[in-house]
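S.K.: Take a look and give me a structure for this.
(chains A and B)
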Amino acid sequence: MTLTAAPTAHVWTLEGGLTAAFERRKGPGFALDLRVPVGSAHDPVGREGSAGVLEEWLSKGAGGKDARQFQDALDDLGVRRSGGVGPEATRFGVSGLLADLPAALGLLADLLRRPALPPEDLPVLADLARQDLEGLEDSPPDLLAVGARRLAFPRDPASPFAGYAHPASGTPEGLARLSVDGLRAFLGRYGTRGSVVGLVADADPAEMRALLERAFAGWQAGEAGVVPADFRPGLRAHLSHAEAEQTHLSVTAPGVSPRSPGWLAWQVALTALSGGSASRLFHAVREERGLAYHVSASPILLGGQGFLSAYAGSTPGRAPETLEVLLAELARLPQGLTGAEFERARAGLTASVVFGAESLRARASGLTRDLAVFGQVRSVAALRAQLAALTLDGVNTVLAGYRPADHATIVTLGPGEQFA
Amino acid sequence: MTLRRTLPNGLTLLLEPDADAQTVAAGYFVATGARDERPEEMGASHFLEHLMFKGSARLSAAELNERLDELGGQANAFTSDEATVYHAAALPEQGGALLDTLTELLRPALRPGDIEPERGVILEEIAMYAEQPAVRVADELRAAYWGAHPLGYAVLGTPDTVRALTREALERNHRERYGAPQVTLAVVGAFEPEEVLAWAQRELCGWPIGTPPRPSAPAPRPAAPGTLRTLRDEHLTRVQVALALPGLPASHPLREAAAVLAEVIGGENGLLYWALLDTGLADSADFAHLDYQDAGTFEGGFSCDTERAQTVLDAYRAVLATAPAALTDAAVRRAARKLAVSTLLRAETPQGRLFTLGMEFLALGRPLTTAELVDRYARVTPQDVRAVLALCPLTLPTVVALGPVAELA
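M.R.: This is a model prediction of the structure:
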């Protein structure tokens, strides 16, 4: 196998404590991704929605510019912003032409360190989050995802953090209690501690390091802390939704944690289960029986642990069979993969490692994700070598002890008071 | 530089090698879509797209899917009004297998035993979208705007038309609409063009020419300009509104200026953002320019609280009405730069470049380089955008509203 020549990433601890990863790439553009370890799980109990509303509030002007001037300044550079709030982190991304990197970075630093936080905008932003929550009612799959999270990962009553049981938009009660002072205090969690920045550009590493150092010099330390995910196995619930055209199925089960030795083997198994059109779930549910258009299983990471999350949607009469087939596929994972499945899954993962690092933006967020999840940057070449070293026996040994079906928590949503 | 070749049967090759690329992407761009369907066969193009993945005379569906997965599982397809596209990407060392497998995909067996389960999958897909209010209102808007013309068809068809499509009808649609002159194969990224040309001479010259396609019915004028249709649905929590206005066709020299106008109005920093989102009146609002062979539209919409629907609709209309006055040189310059930069950055991966290359070729009949595309946006002037407004005055939209709302005015 030929290994794609991949550059090695530079990883630095900047003065002030921020961790940075830089990778040099040919091309006219740059991409930067900053991951701050403050997510909706860190919302204070009773103030659910804090992280989400704060992220919006930050964009309402900074560094002496009001909201419009700030947005105009970004547009003058032609840069694109990306990011958003997840359960465990808030991401700020920016990409554009290399010559505009210093100015774009200056604007990002302003947004984080010198935000205007105009008080009159807070009620508007809280109301937008309220509208977003109400919009969930009109989207059964999203409503199911929220319901499944609430059942499978309930809040720890002893924790000051609201945890994983609510969506990033918050709760109506939590949004009603957000205050200017409370959110400004919540911004105190932001800082260098636990934050990571990834940068990809065709530029001199020393210059890039100096540029990042200058932009984030003097940023406060902030607070970093992982909110533990307390998974409740073996539960079952049905959410009645009279108007749903389909019955939606969610299955959550234990997985393998990213820093455990079985992680890559588990990724191969999940690829064989749901990674392509010949994968087990796609074949059994869609190709063979035509039961669903969408069926998938994927890993989710919460609180440093890995979990399996599966979804399917079928018209109500066919949903019981879909669930039965889906669970049967999970139940036969301990019997292991065939040699052909193993080779296909490994080839698929190998290709997706390259594809996932191909675009500047994907690579920049890959750098921060690697630092946050694995504590190191995994190079494409090293990952390919690790995949090449896997064996069918090794993967099947990991799978022999992996019984997701026995511990699955199942939530369904659809017409009727009960799941038929 | 794009290498363009036409095979004796009329099939077009577009090759854009890039020695620095880490992957290779390929796509068949077929110049046919829902617009070419008979009314009773609505959904045939999309049904055919699904059936391509069910195997050829040589490969069963399972074998074909296994080959696609071995390439890395990056294969997919989509159907639009005027195009059907099949694409995949792979590591450079699998470039040969990529072309072979993608080509095998385009030779469907259309086995009856494969058609029935797939019909079930499509009915599930229709049910899935029927639950999404934004999709429902967009489908209703197209039907209201285009009337009975095929541009108003639902690409997926209806449950009734999908149930009624026979193997014979699907086979005829394939024969009539997938002839070599309708087909363009684009390849971008890490590959040797000489090898692909030699492969194409061997493998693609036998592609049937098919019957000449029926000319598309010309795009009509909007069926109901200035009308507002309210679809009351008490089960929904919020109101979705969609509207459409005439725009410019793909071949129009001001097409990029129309896209810049849409960005000035509907972009992240656009007029609608400041009027509707920054104020909290609505939780989403957008506006875009779509182009077809012989027509174009501006399409937009918003979602909001039920009791605010009239206020938001009035505010949206006011933005359109005052757009000419609000159009500053700075706003045009920023929007043009933004579109130029994103066009450039999208081309950085073979998969990103593939779509632009193929879709622009179908729309304009010639390949455009990335530099040319970027330049088309970068040189849009405020005068160009004002010229678009003169041609397309953004008045009398066709409006459709969906939600727990009585009557909007």
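
S.K.: Can you name the residues of the stretch 301-420 of chain A that neighbour chain B?
M.R.: Residues of the stretch 301-420 of chain A found near chain B (C-beta under 8 Å from any C-beta of the partner chain) are A:313-315, A:318, A:340, A:343-345, A:347-348, A:350-352, A:354-355, A:358-361. Heads up, the C-betas are built off the backbone N, CA and C, glycines and all.

S.K.: Where helices are concerned, which of these count?
M.R.: A:340, A:343-345, A:347-348, A:350-352, A:354-355, A:360-361 (DSSP state H).

S.K.: one step back: among the residues of the stretch 301-420 of chain A next to chain B, name the buried ones.
M.R.: A:313-315, A:318, A:343-345, A:347-348, A:350-352, A:354-355, A:358-361 (16 or more other C-beta atoms under 10 Å in any protein chain shown).

S.K.: hmm, back to that, which among the ones in helices among the residues of the stretch 301-420 of chain A next to chain B gets closest to residue A:168?
M.R.: Within those, the smallest distance to residue A:168 is 21.0 Å, found for residue A:361 (C-beta to C-beta).

S.K.: Not counting its neighbours along the chain, what's nearest that closest one?
M.R.: Using C-beta to C-beta, 6 or more residues apart in numbering or on different chains and skipping residues adjacent in sequence, the residue nearest residue A:361 is residue A:31, 4.4 Å away.

S.K.: next one: residue A:180
M.R.: With sequence-adjacent residues excluded and distances taken as C-beta to C-beta, 6+ apart, residue A:180 is closest to residue A:119, at 4.8 Å.

S.K.: you'd agree that neighbour is in a strand?
M.R.: No. In this structure, residue A:119 is coil, not part of a strand, as judged by DSSP: H, G, I helix; E, B strand; the rest coil.

S.K.: Closest approach to chain A from chain B, which residue is it?
M.R.: At 2.5 Å from chain A, residue B:72 is the closest residue in chain B, using C-beta to the nearest C-beta.

S.K.: Wait, a strand at that residue?
M.R.: No. Assigned with three-state DSSP, residue B:72 falls outside any strand and is coil.

S.K.: Please identify the buried residues of stretch B:15-24?
M.R.: Under 16+ other C-beta under 10 Å, the buried positions of stretch B:15-24 are B:15-18, B:21-24.

S.K.: For chain A, tell me which of these show up nearby.
M.R.: B:22-23.

S.K.: Could you point out which residue ranges in chain A have low pLDDT?
M.R.: For chain A, applying pLDDT under 70 flags the ranges A:1-7.

S.K.: Recalculate using a threshold of 80.
M.R.: For chain A, the stretches with pLDDT under 80 are A:1-8, A:243, A:420.

S.K.: Relative to chain B, how far out is the residue sitting nearest the centre point of it?
M.R.: Centroid-nearest residue in chain A, with C-alpha atoms, centre = their mean: residue A:86, separated by 6.1 Å. From residue A:86 across to chain B, the span is 20 Å (C-beta to the nearest C-beta, to the nearest Å).

S.K.: residue in chain A nearest to chain B?
M.R.: Closest point on chain A to chain B, by C-beta to the nearest C-beta, is residue A:351, at 2.5 Å.

S.K.: Great, nothing more from me.
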